[in-house]
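Asker: sequence and predicted structure below; questions after.
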Protein chains: 2
Amino acid sequence: MLARRLQYIGHNTLKNGNIRSVASLVPGEPKEPNVKTEVPGPETKRLSEELNKITQSGSVQLFGDYDKSIGNYFIDVDGNIFLDTFTQISSVPIGYNHPEMLKVFTDQSKLKALVNRPALGVFPGDYWPGKLKSVLLSVSPNLPNVMTMMCGSCSNENAYKALFITYRKHQRGENIDFTEEEKASCMVNKAPGAPHLSLLSFHGAFHGRTMATLATTHSKAIHKLDVPSLDWPIAHFPQYKYPLEENTRDNKAEDAKCLAEVEDLIVQYERKGVPVAGIVVEPIQSEGGDNEASPEFFQGLQNIAKKYGAGLLIDEVQTGAGATGKMWCHEHFGLETPPDIVTFSKKMLIGGFYHSLDERPQQPYRIFNTWLGDPGKIFLLEAFIKVLREQNLLEQVNKTGERLKSGIFQLEKEFPALLNSTRGRGSFLAVNASTHQLRDDILERLKKKGIISGGCGDHSIRLRPSLTFQEHHADIFLDRFRQVLKETK
Amino acid sequence: MLARRLQYIGHNTLKNGNIRSVASLVPGEPKEPNVKTEVPGPETKRLSEELNKITQSGSVQLFGDYDKSIGNYFIDVDGNIFLDTFTQISSVPIGYNHPEMLKVFTDQSKLKALVNRPALGVFPGDYWPGKLKSVLLSVSPNLPNVMTMMCGSCSNENAYKALFITYRKHQRGENIDFTEEEKASCMVNKAPGAPHLSLLSFHGAFHGRTMATLATTHSKAIHKLDVPSLDWPIAHFPQYKYPLEENTRDNKAEDAKCLAEVEDLIVQYERKGVPVAGIVVEPIQSEGGDNEASPEFFQGLQNIAKKYGAGLLIDEVQTGAGATGKMWCHEHFGLETPPDIVTFSKKMLIGGFYHSLDERPQQPYRIFNTWLGDPGKIFLLEAFIKVLREQNLLEQVNKTGERLKSGIFQLEKEFPALLNSTRGRGSFLAVNASTHQLRDDILERLKKKGIISGGCGDHSIRLRPSLTFQEHHADIFLDRFRQVLKETK
């Protein structure tokens, strides 16, 4: 263990004129960002043109050199070195080319599990129950069952089905068989077999881009335009005033107003004949602008869900896996009981959802697909969780997060016309720029200074560093962020 | 090349008393199935119980030993050796532990591409455009563009969005911007931004289990019960009489009737204010019972799609990647132009869809998600396609298919009370049992004799062997199938 810790003690960096010894959690990281070409560089431009012939690629920012990228440093095809605070839309748990991740498939059994990817619902490998238990259930938010899936959208899509199936089970009565009418009508998409049920979601939410998840997504028009949708209830998510300490009364009133609307909508949709089978919510609305809500809001939401027999699904696709300083963000909320369903993907590497026994379908083949996930990913997740534990990464996230948050708050004070509303938990942080244009401009200029960061909502800057992002990385980020803000002034 | 072929010349098998030299395309295959325990065996039972505590696992048949499974032989945790004609619901292209597949990640760059799975739509690896071109486009069904996805359902979900987006583009006019009303209304799931549009699908179809794909799936009630759906048009898929040669007039009339219904439904839904933006169809309805339709039917369908400005999506998730003796099953149909969209997954290892330039969104971020596929899978696909070409596997599929099909047809003649309607292309074959119960019984007893096979529809047995399934495997299958039928008599 000491040997392990020692090997991570790396290079020294020159910081404000002082030599500071830096223990890098991923060995071999560069000392700092280094941008040598224009951004994007000529090689990214060339590859973008090539890619654009094959697929719509207008969203591409940079082509990566994934042989060379290391730890928290993304290296592009032009040889530019970026400190990555965005980590592939929040999906790289412990940095690039982490030695523990690279080691995984040197084990021939794991390699064979990856290559012989089975239909996990029919012919799983001998390793499967054991790995579900020792890997996935070992970090479960107190829910006893888990289904694996491939990605965030399909985790939510399938979890939504669990909500509908369970709601109908409660209506029908446990162990009551389907009627012939249900069996026949569902085949032609009609009630009662395909019932009129809805899910309640929130303005500003993002749960994915497939049809059901898109019907609960309300963050950007470009995601939704031209795609048919469903008449499902949409409530307002709290919009807080910052700093929170100075606005408790207003924010409390905001909670009450939003919860009242949730309850109203449930009653209203029940009357319309489209009862609410479930409430789906992010613990922090991420794509929608890093909108937070209080523990009390979530406690109230759970009470309403229970009162009306709707399942509560907490979507931890972006917030999960440690970034908020706890394994699951909703663990910050002190809920009376676990939510009915918690969905995950991204940094978890495999998708899926934890669920209560009540949310478990009584019959097989109801929540099912060919692959049901990917065993290769569970072995990578196993390596990540091992590192998470051995290196106390949750503690690290809290330490880094504090440094980052207080640093950003300091910048907010220095540049009050440019920044406001510093917020977040752990290193899952955000700050607002005063305008949309300024936000985009800051992101662009950060990149030219060697920092990859992300936007969300209309004018927020979000930080989504890996769990191995440390204080010295935070200092580099804050330093370059300050430079950008100074140049803006 | 000769050396390569020689290394695959393997063991001898005793067949009808004669020693026959057998060139196995995957080295190291056992000579024949060997079932030593009851099926399922004690170790599968033990693991099933363990798994069932963690997840609904009623669909599990056998636990696999993927260290030992090899080529066309699935070896279970009880040491039983099965000849696999079902290949993980048709998703294993060239057999278990194929040496070319095991070799892929010995290349450090490929391993790093796998481990550093990027957000392919934002920070793709330098290898990405090249691999899309040399791997995916090299087997494209004459469509110039491709989007990658994770699985069959999400390939179809996203392809459906392309159909909607393109239909609205045609209505709106190219390069016409969205109205403010569209942008605002889509955010709350309402028209005109979230327009009233539908997709036409067929009774008996299977396109997936997420909400939009499930709305076009009509194969089994258990897939659909309790999940809300959409009022979208559903037409009848031809139901042919077999043998085809003896029933041409009836089958032709069936085609005409079904095509007329398609046209009627399109007109009807246009009048209802929910125009048909696309027609989605499998070249052979697989889960629904291996229902075939003629080239003329598909030609007629394409003409109707063109007449009404609906996109034609051919779902090759199960039929694609060579199993029908052509790379894509619809290549058997002699269509005048390629379909607008062809979706794939399963044996292709990566999901996605090929599409025309017309089906390409003009703006980025409309068909998008965090990962957009998985680079690890494209390197496995590359290895598969290399083997496909070097070993002329399409030719092999046709040879094996002929042996299998004529053998099954022979069994149909020997056991006319038990079997009927032998059909299929390449080694993508099926035969009906006279009853549902008999079908299930045959599958069960085949398994006890060391053959894994699959059912589909109400009373069909489907064969989905890998592309390295050869004549000697076919002989073993036919032999054991005959034994089962004899015992049934």
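Answerer: In hand now; what should we look at?
Asker: thought residue A:199 was touching residue A:279?
Answerer: Yes - the criterion here is CB atoms under 8 Å, and residue A:199 meets it with residue A:279 at 7.2 Å. No exception for glycine: its C-beta is placed from N, CA and C like everyone else's.
Asker: and for residue A:175, the neighbour number?
Answerer: 7 (other CB atoms under 10 Å in any protein chain shown).
Asker: what sits against the residue lying closest to it once chain neighbours are set aside?
Answerer: The shortest distance from residue A:175 to any residue other than its chain neighbours is 7.2 Å, reached at residue A:362 (CB to CB, 6 or more residues apart in numbering or on different chains). Contacts for residue A:362 (CB atoms under 8 Å, 6 or more residues apart in numbering or on different chains) come out as A:169, A:174, A:175.
Asker: low-confidence regions, the stretch 201-350 of chain A specifically.
Answerer: Confidence mapping of the stretch 201-350 of chain A against pLDDT under 70 gives zero matching residues.
Asker: where do the strands of it begin and end?
Answerer: Using DSSP state E, counting those that start in this stretch, the strands of the stretch 201-350 of chain A run over A:234-235, A:276-281, A:284-285, A:291-292, A:311-315, A:341-344.
Asker: return the most buried member of the ones you listed.
Answerer: Per-stretch averages of neighbours, counted by mean count of other CB atoms under 10 Å in any protein chain shown, single out strand A:341-344 among those, with a mean of 30.
Asker: show residues contacting that strand.
Answerer: Under CB under 8 Å, 6+ apart, the answer for strand A:341-344 is A:141, A:143, A:152, A:155-156, A:159, A:162-163, A:278, A:311-317, A:320-321, A:328, A:330, A:351-356, A:359.
Asker: count of residues packed around residue A:437?
Answerer: Neighbourhood size, residue A:437 [other CB under 10 Å]: 10.
Asker: quick one: secondary structure of it?
Answerer: Three-state assignment for residue A:437 (DSSP: H, G, I helix; E, B strand; the rest coil): helix.
Asker: check the one 3 residues further on too.
Answerer: Taking three-state DSSP as the rule, one finds residue A:440 in the helix state.
Asker: so it makes contact with residue A:455?
Answerer: Yes - assessed by CB under 8 Å, residue A:440 is found in contact with residue A:455 at 6.8 Å.
Asker: more neighbours: which of the two?
Answerer: The neighbour comparison of residue A:440 against residue A:455 (other CB under 10 Å) goes to residue A:455, with 19 against 14.
Asker: could you pull out the helices in the stretch 51-200 of chain A for me?
Answerer: Along the stretch 51-200 of chain A, counting by DSSP state H, counting those that start in this stretch, helices occupy A:87-90, A:99-103, A:108-115, A:128-131, A:152-172, A:180-187.
Asker: and the contacts of the first one?
Answerer: Helix A:87-90 is touched from outside by A:286, A:318, A:323, A:346-347, A:454, A:464-466, B:117-119, B:122-123, B:370, with contacts defined as CB under 8 Å, 6+ apart.
Asker: can you check the last one too?
Answerer: The contact list for helix A:180-187 (CB under 8 Å, 6+ apart) reads A:191, A:192, A:193, A:194, B:203, B:218, B:221, B:224, B:225, B:226, B:227, B:229.
Asker: got those residues as TSV, with distance to residue A:436 and neighbour count columns?
Answerer: Formatted as TSV, these follow (distance: CB to CB, whole Å; neighbours: other CB atoms under 10 Å in any protein chain shown):
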residue	distance to residue A:436	neighbour count
A:191	43	15
A:192	47	18
A:193	46	24
A:194	41	24
B:203	49	17
B:218	45	25
B:221	49	16
B:224	43	24
B:225	45	23
B:226	42	26
B:227	38	26
B:229	38	23
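Asker: can you list the domains in chain A?
Answerer: A:2-97+A:392-488, A:120-373 (automatic domain parsing).
Asker: tell me which of those domains is the most buried.
Answerer: With neighbours defined as mean count of other CB under 10 Å, the domains of chain A peak in mean count at domain A:120-373, which reaches a mean of 21.
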